[in-house]
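1. please work out how this folds:
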Amino acid sequence: MSGGTVTATRAELVGLDGVSVRFGDTEVLAPTSIQVREREFVTLFGPSGCGKSTLLNIVAGLLVPSSGQVRFDGKAISGINTRIGYMTQDDTLLPWRTVRANVAMPLRMRGVPRPEIADRVQTYLRLLDLEHAADRYPAQLSGGMKRRALLARSMIYEPRMLLMDEPFAAVDARLREGLHDEVRRAVEQADQTVLFVTHDVAEAALLSDRVLVLGHRPGRVVAELTMPFGANRDLRRLRLSEEYLAAQLAVRRALDTAEEDDD
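-> Residues are numbered from 1 along each chain as shown. Alright, predicted model coming up:
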């Protein structure tokens, strides 16, 4: 499957060449090569334990691969990568701070001047429809508001890339739909690059510019599919389209074919 937004001419932001991971005698990730270009939304899709989170941790500088090369913005990653934002499915909002204070926290830690903090926090609260909840505490928020506050906090210091590790896995299907709309709109408006992890085929097809399908352990990329929906896609219309159903089927078939080959 191909088509959609042309990204091939954009500069590389992340490059992994022959990267593998072993823990003792266990090979978790077979030699894998991946490229993510600026302003792409790339999803790592596959079953649990196939190395999706491992790849995110390598890009974040939290895990040193056993072999291969890792580049970020043209330079080798050495140590913690402070140029990324990282959002997981965990609720890491500080319960004793308001939404406004939680979102502002990364800027305060970086010593950003207070007037600039106030302006940027307001921008991201507006972007993610949280202005009305700015002075509430996490216990007063719905599940969707908490997810949006965590996204705002991940984006507030304008990192070069967002790493998102199954950020909507813990919410119900109806709420997840609204969050999909929010995240896709927010990253488009912010010109953000995203490396996203999911084992939900519908989520992978809906949100992504490209889907990299990973096979069972040791993990490796078994297929790459370009989603033909363009940048400013209307997710509500897309969910009802035959093209969306076809995209889901293509992703599922890629994984099924890999599993059959393993057998």
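2. for the stretch 101-250 of the chain, what spans make up the strands?
-> Residue ranges of the strands in the stretch 101-250 of the chain, as given by DSSP state E, counting those that start in this stretch, are 161-165, 193-198, 210-214, 221-226.
3. export the ones you listed as JSON lines, with columns for mean neighbour count, mean pLDDT and distance to residue 177.
-> For every residue, glycine as well, the C-beta is placed using N, CA and C. Formatted as JSON lines, those follow (neighbours: other CB atoms under 10 Å; pLDDT from 0 to 100; distance: least, CB to CB, whole Å):
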{"stretch": "strand 161-165", "mean neighbour count": "24", "mean pLDDT": "94", "distance to residue 177": "16"}
{"stretch": "strand 193-198", "mean neighbour count": "24", "mean pLDDT": "95", "distance to residue 177": "14"}
{"stretch": "strand 210-214", "mean neighbour count": "25", "mean pLDDT": "95", "distance to residue 177": "19"}
{"stretch": "strand 221-226", "mean neighbour count": "19", "mean pLDDT": "94", "distance to residue 177": "22"}
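4. just checking, residue 10 touches residue 42?
-> No. Applying CB atoms under 8 Å as the test, residue 10 and residue 42 come out as separate, 11.9 Å apart.
5. okay, those two: which has more neighbours?
-> Counted by other CB atoms under 10 Å, residue 10 and residue 42 do not tie: residue 42 has more neighbours, with 23 against 14.
6. doesn't the more buried one lie inside a strand?
-> Yes. Counting by DSSP: H, G, I helix; E, B strand; the rest coil, one finds residue 42 located in a strand.
7. does it have any beta-bridge partners, and if so which?
-> residue 195, residue 210 (DSSP bridges).
8. that one is in contact with residue 207, isn't it?
-> No. At 10.0 Å, residue 42 does not count as touching residue 207 under the criterion of CB under 8 Å.
9. find the residues that touch each one of the two.
-> residue 196 (CB atoms under 8 Å, 6 or more residues apart in numbering).
10. now stretch 49-59: buried residues?
-> Buried positions in stretch 49-59, judged by neighbour count with 16 or more other CB atoms under 10 Å: 50-59.
11. need those in a markdown table (columns: pLDDT, secondary structure and distance to residue 240).
-> A markdown table is the format used below for the buried residues of stretch 49-59 (pLDDT from 0 to 100; DSSP: H, G, I helix; E, B strand; the rest coil; distance: CB to CB, whole Å):
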| residue | pLDDT | secondary structure | distance to residue 240 |
| --- | --- | --- | --- |
| 50 | 85 | coil | 30 |
| 51 | 88 | coil | 33 |
| 52 | 91 | helix | 28 |
| 53 | 93 | helix | 32 |
| 54 | 94 | helix | 35 |
| 55 | 95 | helix | 32 |
| 56 | 96 | helix | 31 |
| 57 | 95 | helix | 36 |
| 58 | 96 | helix | 37 |
| 59 | 96 | helix | 34 |
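12. got CSV for those residues, with distance to residue 163 too?
-> Listed next are the buried residues of stretch 49-59 as CSV, based on distance: CB to CB, whole Å:
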residue, distance to residue 163
50, 17
51, 14
52, 11
53, 10
54, 12
55, 9
56, 5
57, 9
58, 10
59, 6
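13. show me which pair in those residues is furthest apart.
-> Between any two of these, the greatest separation by CB to CB is 16.2 Å, found for 50 and 59.
14. ok, now which ones touch the residue lying closest to residue 181 once chain neighbours are set aside?
-> Nearest residue to residue 181 in three dimensions, chain neighbours excluded: residue 235, at 5.3 Å (CB to CB, 6 or more residues apart in numbering). Shown in contact with residue 235 (CB under 8 Å, 6+ apart): 177, 180-181, 184, 206.
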